[in-house]
Structures are given as structure tokens and as C-alpha cells.
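[1] no letters, just coordinates:
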């Protein structure tokens with residue numbers, strides 16, 4: 001029995017260690033302190049030396065943007081904030097300014113402590129917290145740009161398009177990553193298409209109807225008409 005217990009414990013330790021090595025973002029989400037991040041309150045964790053007050057203000061502003069768009073939030077992602085590049089790399093970050101992790105957390109890089117960046121990633125989490133169906137990646141990304149009001153990819157009012165879509169936009173995450181890496185204006189094209197869809201479908205009400213139809217099993221191609 002003792003040998004069996006030791007064997008089970010050993011397997012569990014190796015499994016946890018394997019996850020931490022292969023998926024540090026998942027491990028950091030589960031145990032921020034294991035990666036040198038300390039609680040700043042309100043499920044926000046920061047690297048040592050990063051002042052808590054501006055981080056909490058940024059997160060609060062980002063949460064308001066998401067809540068204002070949806071009329072409230074159903075998601076409560078854990079927020080991990082790094083003030084240095086080694087910290088962000090250590091928790092599994094890459095060259096991006098921020099990223100959503102398994103729809104449970106948002107990681108922000110040293111350049112991502114901004115309400116626009118933070119709300120963009122929170123918007124992904126919020127959509128997927130409400131959604132049991134699927135949307136094309138271009139819609140997911142374009143909607144996150146609209147929710148965050150990112151001025152890099154949207155105009156201020158009316159027809160907010162800065163870059164007209166040319167051809168079909170990426171449907172899968174893999175295709176999106178390839179396209180966005182090759183052409184940063186892929187975000188602007190997706191935002192243009194989504195913003196025009198919102199104008200034609202009653203904005204937030206249209207999104208909520210779309211989510212309901214998708215959750216009922218209707219495919220996106222018909223639900224989004």
C-alpha cells in the first residue's frame with residue numbers, strides 16, 4: 001500500500017511539473033504565487049515591484065468597458081500582470097501585449113497595462129463565458145476590438161471602418177494567427193466587418209440574440225443573418 005501511495009504521488013508530481021513546463025500560462029493562472037506574482041486584490045496578481053494602484057485602475061476601467069457593452073459581466077477572469085519581459089515570458093507569454101488563457105484568465109505584458117488591451121482580452125473571455133456554440137475567429141477578434149474601442153483599428157463614430165475587408169477573413173484560430181502575423185491590419189478588417197454587422201443588427205441586442213441562437217445549436221452562417 002505504501003509503495004502504491006508513493007507511486008501515485010510521484011505520478012501526480014510529475015504530471016503537475018509537466019503541465020508547468022509545457023503550459024506555464026495554465027500553471028500561472030492556477031498558482032500566480034508560484035511565478036512570483038502577488039495579489040493586488042480583486043483577483044488581480046502583479047509582479048513584485050509593480051505598483052498595485054494603477055493596475056487596479058486599469059483593470060477596473062477595462063471591466064467597465066466590457067460591462068458597458070454587454071449590460072453587465074458574467075465572467076470573472078483572473079488578471080496576471082507583468083512589469084518586465086522575463087516575467088511575462090516566464091508565465092508563458094509571447095510577443096503579444098496581452099492574451100486570454102483558456103477563457104479563465106487574462107495575462108498582460110509590460111506593454112499591455114492599458115484599458116484597451118485589457119478589455120480586448122476580457123471581451124474574449126466574456127463572449128466565451130456566454131457562448132456554448134462557436135463563432136468564426138474573425139468575429140471573435142473583431143468584436144473584441146469593438147468592445148475595447150481600439151483606435152488603432154476603428155474610427156470614432158458612424159461607419160468606424162479604417163480598413164475595408166478584402167476577401168474572406170480567417171475562420172479558425174490557426175488561420176487567424178497566420179494572417180494577423182503577416183498583416184496587422186487583419187484586426188482592422190475584422191473590426192470593420194463586425195462594426196458594420198452591429199450597425200445592421202441593433203448592436204448589443206444583436207450580439208445577445210446571436211449568442212442565444214448559437215447556444216440553441218444554430219450555425220453561425222444562419223444565426224448571424
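    Ah, there it is. In this text, all values refer to a predicted model and were calculated from it rather than measured experimentally.
[2] in space, what's closest to residue 171 - neighbours in sequence excluded?
    What sits nearest to residue 171 in space, not counting adjacent residues and going by CB to CB, 6 or more residues apart in numbering, is residue 136, at 4.3 Å. Yep, even glycine has a C-beta here, placed from its N, CA and C like the rest.
[3] pull the contacting residues for that neighbour.
    Contacts were defined as CB atoms under 8 Å, 6 or more residues apart in numbering; by that measure residue 136 touches 169, 170, 171, 172, 220.
[4] give me the low-pLDDT residue ranges for the chain?
    1-22 (pLDDT under 70).
[5] those helices in it, which residues are they?
    2-22, 24-30, 52-70, 85-90, 115-130, 137-148, 173-182, 186-200, 203-215, 220-223 (DSSP state H).
[6] as JSON lines, those helices with distance to residue 156 would be great.
    What follows is those, written out as JSON lines (distance: least, CB to CB, whole Å):
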{"stretch": "helix 2-22", "distance to residue 156": "43"}
{"stretch": "helix 24-30", "distance to residue 156": "34"}
{"stretch": "helix 52-70", "distance to residue 156": "15"}
{"stretch": "helix 85-90", "distance to residue 156": "31"}
{"stretch": "helix 115-130", "distance to residue 156": "14"}
{"stretch": "helix 137-148", "distance to residue 156": "12"}
{"stretch": "helix 173-182", "distance to residue 156": "23"}
{"stretch": "helix 186-200", "distance to residue 156": "11"}
{"stretch": "helix 203-215", "distance to residue 156": "16"}
{"stretch": "helix 220-223", "distance to residue 156": "28"}
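[7] residue 38: which of these is closest?
    Closest of the helices of the chain to residue 38 is helix 52-70, at 8.7 Å (criterion: CB to CB).
[8] got the angle for that closest one vs helix 203-215?
    Following axes from the mean of the first three to the mean of the last three CA atoms, to 10 degrees, one obtains 80 degrees for the angle between helix 52-70 and helix 203-215.
[9] so which elements touch helix 52-70?
    Under the contact criterion of 3 or more CB pairs under 8 Å, 6 or more residues apart in numbering; DSSP states H and E, the helices and strands touching helix 52-70 comprise strand 37-41, strand 44-47, helix 115-130, helix 137-148, helix 203-215.
[10] need the contact partners of the third one.
    Applying CB under 8 Å, 6+ apart, the set of residues contacting helix 115-130 from outside is 58-59, 61-63, 65-66, 69-70, 73-75, 77, 79, 97-100, 103-108, 111-112, 135, 140, 143-145, 147-151, 211.
[11] report the central residue of the chain.
    The centre of the chain sits closest to residue 121, judged by CA atoms, centre = their mean, with a distance of 2.8 Å.
[12] how close does it sit to residue 56?
    Spatial separation of residue 121 from residue 56 under the definition CB to CB, to the nearest Å is 16 Å.
[13] got it, and residue 95?
    26 Å.
[14] just want to know which of those two has more residues nearby.
    Per other CB atoms under 10 Å, whichever of residue 95 and residue 56 has more neighbours is residue 56, with 17 against 9.
[15] I'd guessed that one sits against residue 46; true?
    No - with contact taken as CB atoms under 8 Å, residue 56 and residue 46 are classed as non-touching, separated by 9.1 Å.
[16] got any residues that touch both of the two?
    Contacts common to residue 56 and residue 46, judged by CB under 8 Å, 6+ apart, are residue 40.
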